[in-house]
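S.K.: give me a 3D structure for the following:
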Amino acid sequence: ARPAGSMETPKVPAATYERRVVRSGAEHHYLRVRLELSDGGARPSVAQFKQLVVSALRELHGEVGAALPVDVLTYEEKTLSAILRVISSGLVKLWSALTLLGFYQNRRCAFRVLQTSPFLLALSGNSRELVLD
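M.R.: Numbering: from 1, shown residues only. Coordinates of the predicted model:
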């Protein structure tokens, strides 16, 4: 009890919080990527595109990187864009290898990672590309 006339306020315990970091338990991650070439030369076929991804992994991470299971789910030769599937533990290896790749058949090139998600459905539409009537 407080003495009469005391102006002290009762002590309130400090708020506590708990930080939780939840890692996705997804088996795979999906990346929407686009290959940008410096000139209008020949465009890679789907097989050449896959080989380019594997060679990027080999160049940065060696044979272990080249053995990383990566699937090309869709590929549009016209736009040079693709959706890739990789096991979640290999996402950083794939992304770094694609980012650091600089040449395709002695031509300057760059991979752009447009979207990534543990859910394939999330890549089905991009609100930034919507065309409204």
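
S.K.: what's the closest non-adjacent residue to the residue positioned nearest the centre of the chain?
M.R.: With distances taken as C-alpha atoms, centre = their mean, T116 lies nearest the centre of the chain, 3.8 Å away. Distances taken as C-beta to C-beta, 6 or more residues apart in numbering place L31 nearest to T116, at 4.8 Å, with adjacent residues excluded. Quick note: C-beta positions are derived from backbone N, CA and C, even for glycine.

S.K.: quick one: that neighbour is in a strand?
M.R.: Yes. Counting by DSSP: H, G, I helix; E, B strand; the rest coil, L31 is found in a strand.

S.K.: that one contacts V86, doesn't it?
M.R.: Yes. Contact criterion C-beta atoms under 8 Å: L31 and V86 qualify, at 7.1 Å.

S.K.: between the two, which contacts overlap?
M.R.: L94 (C-beta atoms under 8 Å, 6 or more residues apart in numbering).
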